[in-house]
Each structure stands twice: as structure tokens, then as C-alpha cells.
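Undergrad: I'll drop the sequence and a predicted model, then ask my questions.
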Amino acid sequence: MATEIRLPDLGEGVEDVTVNRWRVAVGDAVKAGDVILEIATDKVDTEIQAPADGVLLKINYRNGEIAPVNAVMGYIGAPGETVDEGGAAEAAPAKVPEAAPAQPEPAQPTAVAEGGVRATR
């Protein structure tokens with residue numbers, strides 16, 4: 001399953017950053033801790049490290065684009081793994097257990113009260 005590369009909260013009222021440069025391209029192998037991305041705020045430039053070993057699968061924010069704090073910048077996963085437009089990694093569909101057939105409720109006996117009015121329980 002793909003791992004999100006999430007932009008950390010940089011504190012000090014920072015709400016968004018500019019992507020300066022991706023150091024890796026989609027398809028490149030990375031190791032956890034490798035610097036893969038450089039970002040800039042109005043006060044400081046920061047390097048973002050890979051959160052996991054794998055291959056860069058997708059980039060959501062390109063060089064020069066503005067990204068909000070906590071945004072998913074991209075994904076790292078296994079070689080050959082794909083990530084759909086919504087960001088979910090494609091995996092084999094999970095088998096959903098079949099629901100047990102509904103048991104019909106037993107019929108309630110009807111009684112006829114005096115005066116010919118039917119009543120049920």
C-alpha cells in the first residue's frame with residue numbers, strides 16, 4: 001500500500017508553502033530519510049524526507065506550485081504499484097462476505113375481537 005508524503009505543520013503561522021524542487025522523479029527509488037523535496041515559506045527553506053522506502057509513485061504538487069500545510073505532496077510505494085486520481089493505491093479488491101439471507105419473520109396470528117375488529121400483535 002502506498003505511503004503518503006505529507007507536508008508537515010511548520011508552525012509559526014505557516015499556512016502554505018511553495019514547492020521549490022523535487023529532487024526525485026516519478027519512478028525513482030528512494031529510502032526512508034532521503035531528502036526528496038525542497039519547499040519554501042516566506043521565512044525559511046526546508047527539505048522534506050521520504051517517509052518510507054520504495055519508489056516515488058505520484059507527485060501532487062509540481063515545482064513552483066503552492067501547497068497547504070498537511071497536504072499530501074505525493075506517494076511512495078512498491079515498484080509497479082499505481083495510485084488513482086483520488087490518491088488511493090490500487091490493490092486487489094477485498095472480498096466482501098456475502099450477507100446471510102434474511103429470515104422472514106414468522107406470521108403473527110390475527111385475532112378477531114368482539115364486534116368484528118381484527119387485531120394483530
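TA: Okay, I see it.
Undergrad: excluding its backbone neighbours, what's nearest residue 7?
TA: When the adjacent residues along the chain are set aside, residue 7 lies closest to residue 71, with 4.8 Å between them (Cβ to Cβ, 6 or more residues apart in numbering). Glycine gets a C-beta too; all of them are placed from N, C-alpha and C.
Undergrad: where's that neighbour relative to residue 29, distance?
TA: 24 Å (Cβ to Cβ, to the nearest Å).
Undergrad: neighbour count winner among those two?
TA: residue 71 (16 against 13; other Cβ atoms under 10 Å).
Undergrad: might you report the residue contacts of the more buried one?
TA: By Cβ atoms under 8 Å, 6 or more residues apart in numbering, the contact set of residue 71 is 6, 7, 60, 61.
Undergrad: the third one: how many residues sit nearby?
TA: This points to residue 60. 17.
Undergrad: phi first, then psi, for it.
TA: Main-chain dihedrals, residue 60, degrees, to the nearest 10: phi -90, psi -30.
Undergrad: returning to what we had before: which of the contacts of residue 71 tops the neighbour count?
TA: Top of the contacts of residue 71 by neighbour count (other Cβ under 10 Å): residue 7, with 23 neighbours.
Undergrad: where does the prediction get shaky in this protein?
TA: 85-121 (pLDDT under 70).
Undergrad: tell me the contacts of the closest residue to residue 25 other than its chain neighbours?
TA: Leaving aside its chain neighbours, residue 25 sits nearest to residue 56 (6.9 Å; criterion: Cβ to Cβ, 6+ apart). Contact analysis of residue 56 by Cβ under 8 Å, 6+ apart lists 24, 25, 26, 27, 28, 30, 36, 74, 75, 76.
Undergrad: export the host helix or strand of residue 56 to CSV, keeping only CA atoms.
TA: Secondary structure from DSSP states H and E places residue 56 in strand 54-59. The C-alpha trace of strand 54-59 is given here as CSV (Å, rounded to 0.1, in the frame of the first residue of the first chain):
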residue,chain,number,x,y,z
GLY,A,54,10.1,2.4,-2.2
VAL,A,55,9.5,4.2,-5.5
LEU,A,56,8.0,7.7,-6.0
LEU,A,57,4.6,6.8,-7.5
LYS,A,58,3.0,10.2,-7.9
ILE,A,59,3.6,13.9,-7.4
